[in-house]
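A.B. asks: got a sequence here, can you build the structure:
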Amino acid sequence: MDYKEITDLIKMVNKSNLTEFKMRDGDFEITIRTENYQKSRSNNDNMPSVIPVQANPPVQHIITSPAPQPVVNEVPKNNSSEGKDIPATSNASKNAEEVVDEYIEIRSPIVGTFYRSASPEKPPYAKVGDSISKGDVVCIVEAMKLFNEIESEVSGKIVKVIVDDAQPVEYDQVLFLVDPKG
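C.D. replies: This next block holds a predicted model:
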């Protein structure tokens, strides 16, 4: 690395939330610690000073997305003759909750990229309206260049595909809704 590359690297680390950055390229090795490094070390004084490390730890790329913000639905209120606020109710919202409760969710067992079919030319494993049985492959989740076939743990009819093709998914994210009565 030349001087400009090193200074650019230092600037990038300072702009990030990292406390420490280490890089090794052949015989060249660099460690950059920000002013937050000492703060994080003092906060971890209760941590053990020796942490076991694998000889060749696997390289992992972790992609995170911002945490979903809670959705707050305000319920309109009706004023009664007594001056008390009584929440308005809707039969449609009750029915929607009951319908969702009847469906079983197929969730992602791993973090990765969701694919509905084995390749772009092939049809999807499962689509809305398809009947599936326990053990049927419903999709693929790619993780670290490994394509993992996701099998259904329930039998029923697919009523909704929650994730778009080729989208990243998190662990335990809902992929499909299944009607077990279908």
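A.B. asks: for the protein, what spans make up the helices?
C.D. replies: Along the chain, counting by DSSP state H, helices occupy 3-15, 36-43, 91-102.
A.B. asks: least confident of these, on average?
C.D. replies: For the helices of the chain, mean pLDDT drops lowest on helix 91-102, to a mean of 52.
A.B. asks: in the sheet, who's paired with the closest residue to Arg24 other than its chain neighbours?
C.D. replies: Spatial nearest neighbour of Arg24, excluding adjacent residues (Cβ to Cβ, 6 or more residues apart in numbering): Ile30 at 8.0 Å. Just so you know, the C-beta spots here come from the backbone N, C-alpha and C atoms, and that holds for glycine as well. Beta bridges link Ile30 to Met23, judged by DSSP bridges.
A.B. asks: was I right to think Ile30 contacts Glu20?
C.D. replies: No. Counting by Cβ atoms under 8 Å, Ile30 stays clear of Glu20, with 11.2 Å between them.
A.B. asks: find the nearest non-adjacent residue to Val128, please.
C.D. replies: Counting by Cβ to Cβ, 6+ apart, the residue nearest Val128 is Ile158, at 5.5 Å.
A.B. asks: identify the residues contacting that neighbour.
C.D. replies: Ile158 is in contact with Ala126, Lys127, Val128, Gly129, Asp130, Ser131, Ile132, Val138, Phe176, Leu177, Val178, counting by Cβ atoms under 8 Å, 6 or more residues apart in numbering.
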